[in-house]
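K.L.:
predicted structure and sequence below. I'll ask about it afterward.
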Amino acid sequence: MKSILLGTAALAMTAGMALAQDVVRMGTEGAYPPYNFINDDGEVDGFERELGDELCARAELDCEWVTNDWDSIIPNLVSGNYDTIIAGMSINDSRDEVIDFTQDYIPPAESAYVALSEDAPLDGVIAAQTSTLQSAYIVEQGATLLEYATAEEIISAVRNGEADAAFFDFDFLRPIVEESSELSFVGEEVILGRGTGMGIRESDTELKATFNEAIDSMKEDGSLNELIVKWFGDDVKVYE
């Protein structure tokens, strides 16, 4: 699950009371399969689309989907362009200073390295998506970080020889590795963040409570685990 660094725009005045609106706008990236992506019909699809629609149905909310680039997704929530972020966003302390989160709807997950060679130096040049938990981790490890705007670009960087390895969410990387005759996982997996939750403006306490109740109901009846397995496979981590 991804994270984002916070720009000064994220400190703008909060806007809106979501439940007072006719429609709750669900903000996502649309470029992070299987969490969220744009399908052949040009519509938001993926795990989070199905999850979000079910949460809105249980909460009896009229919801619509809005896409936004990853690097400005928090500032545009704060400024009122949509009412939630549901985009594979990891919960951590830095974001909690600017926005609020629901409880997690995916447990903390692993990040992993992929490379063209099992001998790839993980202290060398590592590609990661801009402003994510993974990019921050690479800096902490003392490796040379190459940042790219999208996850697809970090894979291309490895294939093109620009980076020794790429570091990103295991769930995103697994199908790419499985379908590739070149790429393989290297090194150890790393757990980052506190799970994935919906981002909510700090002023929208009622909306947060409403979605928390809906997430609780899906955890309790097992439907959330079923949805996670559907999109991420039988060996994915689920709620006990």
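P.N.:
Everything's here; your move. Just so it is clear, the structure is predicted and the values come from calculations on it, not from any experiment.
K.L.:
only C-alpha atoms for contact and neighbour calcs from this point on.
P.N.:
Fine.
K.L.:
name the residues of the helix or strand of the chain with the lowest mean pLDDT that are buried.
P.N.:
Lowest on mean pLDDT, DSSP states H and E among the helices and strands of the chain sits helix 93-96, with a mean of 86. Burial within helix 93-96, assessed by neighbour count using 16 or more other C-alpha atoms under 10 Å, is assigned to Arg95.
K.L.:
distance between it and the chain's centre?
P.N.:
Relative to its parent chain, helix 93-96 has a centroid offset of 15 Å by C-alpha atoms, centre = their mean, to the nearest Å.
K.L.:
for the next helix or strand after it, C-alpha coordinates in PDB please.
P.N.:
Moving toward the C-terminus from helix 93-96, the next helix or strand (DSSP states H and E) is strand 100-106. Provided in PDB are the C-alpha atoms of strand 100-106 (Å, rounded to 0.1, in the frame of the first residue of the first chain):
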ATOM      1  CA  ASP A 100      -8.000  11.600   9.100                       C
ATOM      2  CA  PHE A 101      -8.400   7.900   8.200                       C
ATOM      3  CA  THR A 102     -11.000   5.200   8.700                       C
ATOM      4  CA  GLN A 103     -10.000   1.900  10.200                       C
ATOM      5  CA  ASP A 104      -7.900  -0.200   7.800                       C
ATOM      6  CA  TYR A 105      -9.600  -2.300   5.200                       C
ATOM      7  CA  ILE A 106      -6.500  -4.200   4.200                       C
END
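K.L.:
report the contact partners of Ile228.
P.N.:
Counting by C-alpha atoms under 8 Å, 6 or more residues apart in numbering, Ile228 touches 47, 106, 236, 238.
K.L.:
the third one: how many residues sit nearby?
P.N.:
When counting by other C-alpha atoms under 10 Å, one arrives at 14 neighbours for Val236.
K.L.:
apart from its neighbours in sequence, what residue is nearest it?
P.N.:
Val229 (6.5 Å; C-alpha to C-alpha, 6 or more residues apart in numbering).
K.L.:
next, the buried residues of the helix or strand hosting that neighbour.
P.N.:
Assigned by DSSP H and E, Val229 belongs to helix 223-232. Applying a neighbour-count criterion of 16+ other C-alpha under 10 Å, one finds 224-225, 227-229, 231-232 buried in helix 223-232.
K.L.:
quick one: Tyr32 and Asp169 touch, right?
P.N.:
No - checked against C-alpha atoms under 8 Å, the pair Tyr32 and Asp169 is beyond contact range at 10.3 Å.
K.L.:
for these two, indicate the residue with more neighbours.
P.N.:
Applying other C-alpha under 10 Å to Tyr32 and Asp169 shows that Asp169 carries more neighbours, namely 23 against 20.
K.L.:
which helix runs longest in this protein?
P.N.:
Longest helix in the chain, counting residues (DSSP state H): helix 205-221.
K.L.:
gap between it and the chain center?
P.N.:
So, by C-alpha atoms, centre = their mean, the centroid of helix 205-221 is 19 Å from its chain's centroid.
K.L.:
cool, stretch 73-91 as well?
P.N.:
Distance of stretch 73-91 from its chain centroid, counting by C-alpha atoms, centre = their mean, is 11 Å.
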